[in-house]
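> Build me a model:
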Amino acid sequence: MSDDVQANPTLRAGSGGRPTREEAAARDRRILDTAAAMFERRGYEGTTIDALAEAAGVGKPTLYARFGDKGGLFAAVFRMRVEAVLAPVVAEATAAAEAHERADTPPDLGHVLRTIGMLMLQRWLLPDSIALSRVIVAEAERFPELARLSHTEGWLRCVGTVADLLRSYDRAGAIAVQPDVEEAADLFLSLIMGRKQRAVMLGLPAPDLAAITRRVTRCVDIFLNGVATRTAGPG
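Have a look, this model is predicted:
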């Protein structure tokens with residue numbers, strides 16, 4: 001009998017004592033939720049595979065088989081958090097880009113960017129997102145792979161999503177962000193995030209919804225003014 005079945009008798013329903021696909025997915029989610037809470041509370045160095053296995057109700061061989069090692073498990077937790085932030089952003093950007101391709105009058109880019117900005121800022125300021133970011137900052141020197149993970153799987157994925165949206169509006173002549181669309185997307189996200197996440201990570205109060213809305217609206221106005229297409233003047 002597998003160590004998971006021993007640790008969790010509810011997994012005995014699958015044929016041959018193995019969990020079904022649904023049970024395995026639920027187990028993996030339980031592992032990730034448990035690991036997220038433990039990393040956030042104890043930090044990376046203070047979290048052990050033994051403690052994770054016991055808290056999640058699985059055996060260590062399962063953790064190693066599913067995630068490789070503690071670093072792989074932390075990466076999976078981080079990707080889960082990033083996906084929670086990016087999923088609605090990607091949906092909004094994709095819907096806008098598709099509507100842009102279909103319609104003579106595309107969705108208002110200001111509205112789309114404000115929606116994306118609100119989603120990004122609100123979700124990155126959630127307590128669990130802040131806690132995980134603190135772990136990465138605290139452990140970045142000893143575990144530089146965590147910092148690389150944050151940059152590539154977090155920031156660069158966000159930049160890529162916004163860049164794809166801006167590219168579709170640039171092709172239509174609505175804005176001018178060429179030749180470096182990624183830089184424009186990076187600048188937009190930098191305007192949105194600013195010092196807010198850093199301030200909350202230092203323990204300062206998170207802004208309320210009204211303050212977030214004012215900031216996002218102002219940032220979008222500044223950004224759109226900077227990428228607006230301009231016709232040449234006389235002479």
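
> Export the helix or strand containing Ile192 to PDB, keeping only CA atoms.
In this assignment (DSSP states H and E), Ile192 forms part of helix 181-193. Output of helix 181-193 as PDB, limited to C-alpha atoms (Å, rounded to 0.1, in the frame of the first residue of the first chain):
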ATOM      1  CA  VAL A 181       6.600  46.700 -26.500                       C
ATOM      2  CA  GLU A 182       8.000  44.700 -23.500                       C
ATOM      3  CA  GLU A 183       9.600  47.900 -22.200                       C
ATOM      4  CA  ALA A 184       6.300  49.700 -22.500                       C
ATOM      5  CA  ALA A 185       4.500  46.900 -20.600                       C
ATOM      6  CA  ASP A 186       7.200  47.000 -18.000                       C
ATOM      7  CA  LEU A 187       6.900  50.700 -17.500                       C
ATOM      8  CA  PHE A 188       3.100  50.400 -17.200                       C
ATOM      9  CA  LEU A 189       3.300  47.700 -14.500                       C
ATOM     10  CA  SER A 190       6.000  49.700 -12.700                       C
ATOM     11  CA  LEU A 191       3.700  52.700 -12.600                       C
ATOM     12  CA  ILE A 192       0.900  50.600 -11.200                       C
ATOM     13  CA  MET A 193       2.900  48.700  -8.600                       C
END
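
> biggest helix in this structure, by residue count?
Counting by DSSP state H, the longest helix found in the chain is helix 70-102.

> Quick check: which helices or strands does the helix or strand following that one pack against?
Counting by DSSP H and E, the element after helix 70-102 in chain order, helix or strand, is helix 109-124. Contacting helix 109-124 under the criterion 3 or more Cβ pairs under 8 Å, 6 or more residues apart in numbering; DSSP states H and E are the following elements: helix 70-102, helix 127-139, helix 156-171, helix 181-193, helix 209-227. (Glycine included, C-beta is placed from N, CA and C.)
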